[in-house]
Structures are given as structure tokens and as C-alpha cells.
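K.L.:
my questions concern the predicted model and sequence given below.
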Amino acid sequence: MARLHLHLLSDSTGETLEMIAKAALAQFDDADVVRHFWPMVRSQQHLDRIMGEITANPGLVLFTMVNAETRELLQSRCAALGLPSVPALDAVTLALEAQLGQAAKGRPGRQHAMDEAYFRRVEAIQFTIAHDDGIAWEDWEAADIVLAGVSRSSKTPTAIYLANRGYRVANIPIVVESPPPPALFSLRRPLVVGLTTSPERLIQVRRNRLLSLNQAPETAYVDSDHVAREVQYARRMFADNGWPVIDVSRRSIEETAAAVINLYNERRPDGGASGGGHAL
């Protein structure tokens with residue numbers, strides 16, 4: 001299989017472009033792709049340096065640039081080298097212009113402006129970090145979402161992902177020997193979601209965790225009977241309290257978070273019609 005050099009150029013942080021490229025590449029199995037990432041490209045001098053690298057490693061060029069002069073220069077130089085250059089957001093932007101009846105602002109990094117949504121996201125991240133792993137249960141009522149599940153059921157990474165979307169999240173491990181505080185069962189404002197998984201997958205994840213910490217691989221933490229009891233105990237708790245449950249066995253963090261957001265929107269009076277809670 002031939003190797004492809006993929007050059008990603010942005011006049012902002014390039015986060016959007018990276019996500020687009022990642023999503024597209026996920027559709028191809030075993031693709032041999034070398035990604036070259038070039039953010040904050042805002043001058044001809046910077047572009048000149050990058051073109052040297054593109055010339056040395058020719059391939060596909062994807063870009064998100066709003067400055068017309070820089071865009072035209074990039075496209076003309078790629079054309080001279082016989083390389084395809086694709087403006088990743090143009091089709092969407094043009095469609096929005098047509099439907100909204102106005103021209104796009106054309107300002108680099110506009111989506112990263114430090115507006116109210118930005119500060120809400122920062123506050124959500126701070127809240128979520130301060131309420132990880134059952135900490136500070138006294139203010140769980142201030143959370144948007146509480147995630148409950150046995151150890152290593154993706155609670156923390158899912159919570160952090162949701163916090164980056166603007167949701168204040170607390171999470172708590174469900175441990176047979178140490179029941180959660182009574183406050184968990186009387187929450188009114190937050191959505192409580194149970195995360196579960198198959199005992200087999202849980203054992204595998206826990207074994208890998210123990211190995212990474214250079215700890216003994218054979219403990220009750222990975223004993224099949226003990227793990228099965230843990231999972232059953234948590235599932236019974238979820239059912240008894242009527243909490244929605246998400247099985248993370250075959251879900252990525254992004255997929256789990258999306259399912260949680262859907263549940264959060266479903267419980268809103270407007271059904272999430274305004275854009276999805278605190279999602280940014």
C-alpha cells in the first residue's frame with residue numbers, strides 16, 4: 001500500500017481540521033497516512049516555509065483558511081506542484097451563506113472567541129475535575145449530569161469529554177463493599193446515568209491497568225466471580241432507582257458521551273430543540 005502524506009493547514013488552532021481528517025480517515029482500513037499539521041498559518045513567510053515541506057513530501061493538502069490572499073496563494077502553489085488542495089469547510093460555509101442570506105465573517109479562529117460559552121466550558125471543566133471519583137458529593141445537586149458505574153467503566157474520560165462540551169459532571173464508582181452516599185439517591189436536578197459493561201471486557205481493562213502500574217495481575221480486582229458480582233450489583237442499583245443505563249462495552253468515549261447528551265436533551269422541556277443543553 002502506498003504511503004500518503006496528508007498536510008493539514010489552518011489559520012487558527014486547526015482543531016476542527018484535525019477532527020475532520022480523523023473522521024474521514026476512520027473510513028479506511030490500514031491506511032498508511034503520515035499527517036503533517038500546520039496551525040496558525042497567517043503570513044506568506046510562514047506559508048513559504050510550509051511549502052518547502054510539502055514539496056519534499058507531496059500528497060493531499062486539506063486546509064481551513066479564511067484569508068482570501070493566503071488561500072489563493074496556497075492553492076496556486078499546490079496546483080503548480082500538481083497536488084490536490086481541498087478547502088475542508090467551503091461547502092458547508094457556502095450552504096449556510098445561501099440559507100442564512102448573509103456572508104461569512106471570514107475571521108480566523110472566530111469559533112474560539114472567549115465568549116460566554118467559552119467561560120461556561122472552563123467552569124464545567126473545573127467542576128468536573130473537582131467532582132471526580134465520588135469527591136465533593138455534597139454539591140452534586142449543582143451538576144448537570146452524574147455518572148455512576150463500577151471501577152474502569154469509562155466514567156472519568158466520559159465526564160471530561162462532556163465537560164469540554166460545557167456540561168458540569170460528577171462521577172462516582174459503585175463499590176459493593178462501600179455503598180454510595182445517600183445523596184446520590186435523592187438528587188433532583190442532575191441526570192444520573194449508569195455506565196455498565198460486560199465482566200469480560202472489564203477484566204481485560206483492569207488487567208491492563210494493573211500491568212501499567214506494575215501491580216500483581218491476580219487480585220479480587222480481576223477475579224471473574226468478584227467482577228461479575230460487582231457488575232450485577234451496579235445494574236441492580238441502576239434498575240432499582242430507574243436510572244438510564246448505557247453499555248460502554250463496544251462504545252468509544254465519544255459515542256458514550258453522545259448517548260449521555262441525547263438522554264440529557266430528552267429530559268428537557270423543549271426536547272433539546274435549542275441545540276443540546278450546554279453543548280458547544
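P.N.:
Received the coordinates, thanks.
K.L.:
tell me the bridge partners for residue 245.
P.N.:
Residue 245 forms beta bridges with residue 194, as assigned by DSSP bridges.
K.L.:
just to check, it is in contact with residue 238?
P.N.:
Yes - counting by C-beta atoms under 8 Å, residue 245 does reach residue 238; the two are 5.0 Å apart. C-beta: built from backbone N, CA, C; applies to glycine.
K.L.:
need the overlap of contacts for those two.
P.N.:
Jointly contacting residue 245 and residue 238 under the rule C-beta atoms under 8 Å, 6 or more residues apart in numbering are 194, 196.
K.L.:
more neighbours, the two?
P.N.:
residue 238 (21 against 15; other C-beta atoms under 10 Å).
K.L.:
and residue 8, what does it touch?
P.N.:
Contacts of residue 8 (C-beta under 8 Å, 6+ apart): 14, 17, 18, 21, 35, 36, 37, 38, 62, 63.
K.L.:
please apply the same query to residue 146.
P.N.:
Taking C-beta under 8 Å, 6+ apart as the definition, contacts of residue 146 comprise 140, 169, 170, 171, 172, 184, 187, 190, 191, 192, 193.
K.L.:
could I get those residues as CSV with neighbour count and distance to residue 150?
P.N.:
What follows is these, written out as CSV (neighbours: other C-beta atoms under 10 Å; distance: C-beta to C-beta, whole Å):
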residue, neighbour count, distance to residue 150
140, 22, 19
169, 30, 17
170, 30, 16
171, 28, 12
172, 22, 11
184, 21, 14
187, 16, 19
190, 20, 20
191, 22, 19
192, 20, 15
193, 24, 14
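K.L.:
would TSV of those residues with pLDDT be doable?
P.N.:
Formatted as TSV, these follow (pLDDT from 0 to 100):
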residue	pLDDT
140	96
169	97
170	97
171	97
172	97
184	96
187	94
190	96
191	96
192	97
193	98
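K.L.:
out of those, name the ones that lie in strands.
P.N.:
If you go by DSSP state E, these have 169, 170, 171, 172, 191, 192, 193 in strands.
K.L.:
farthest-apart pair in those residues, please.
P.N.:
172 and 191 (13.8 Å; C-beta to C-beta).
K.L.:
do a quick rundown of the helices in this structure.
P.N.:
15-25, 44-56, 68-80, 90-100, 116-130, 155-164, 199-212, 224-241, 253-266 (DSSP state H).
K.L.:
can you list the domains in this protein?
P.N.:
For the chain, the structural domains run 4-111, 116-266, going by automatic domain parsing.
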